[in-house]
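Chemist: no sequence on this one, just coordinates:
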């Protein structure tokens, strides 16, 4: 068993052992800030042109968690599947959605959005959503 699988199993057990209001706020804020500090995430989103930059969903209210799952999954598939921070964010959002853990976020299972943004805009949406919960 490799280290990433072991950490995923331990992380999953941790999520199961905490109470249902677990939202991972501090962890998600910390990881998101770390990704925002990475200069490689700021290129523009071109929805019509084929681009190496990702266009990610900026969620409508009530669809944040589903869109955060979709967006981080897209990042893993198209940018850097070896990035442990993106992997951890994706796993956290997926676990929160699957297990209905964070009552502060609505649990719509489909991501609905009117606009898309680049990686930086997507990460800023995650950050502002979780900072609002942290108050």
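Modeler: Cool, got the structure. Computed from a predicted model, the values in this text were never measured in an experiment. Residues are numbered from 1 along each chain as shown.
Chemist: right, and the helix or strand after the helix or strand bottoming out on mean pLDDT in the chain?
Modeler: Here the helix or strand of the chain ranked lowest by mean pLDDT, DSSP states H and E is helix 3-17, holding a mean of 59. Using DSSP states H and E, the helix or strand that follows helix 3-17 in sequence is helix 25-36.
Chemist: parallel or antiparallel, list what pairs with the next helix or strand after that following helix.
Modeler: Going down the chain from helix 25-36, the next helix or strand is strand 56-59, by DSSP H and E. Using DSSP bridges, strand 56-59 pairs in its sheet with strand 113-117 (antiparallel).
Chemist: hmm, who's touching the strand it pairs with?
Modeler: Contacts with strand 113-117, where a contact means CB atoms under 8 Å, 6 or more residues apart in numbering, come from 45, 47, 55-60, 63, 67, 125. In this view, the C-beta of every residue, glycine as well, is placed from N, C-alpha and C.
Chemist: so for it, what gets flagged as buried?
Modeler: Along strand 113-117, these residues count as buried under the neighbour rule (16 or more other CB atoms under 10 Å): 113, 116-117.
Chemist: over to stretch 106-125?
Modeler: Using 16+ other CB under 10 Å as the test for burial, stretch 106-125 gives 107-108, 111, 113, 116-123, 125.
Chemist: ok, now stretch 98-108?
Modeler: Quick answer for stretch 98-108 (16+ other CB under 10 Å): 101-102, 105, 107-108.
Chemist: okay, how far is it across that stretch, tip to tip?
Modeler: Using CA to CA, to the nearest Å, one end of stretch 98-108 lies 11 Å from the other.
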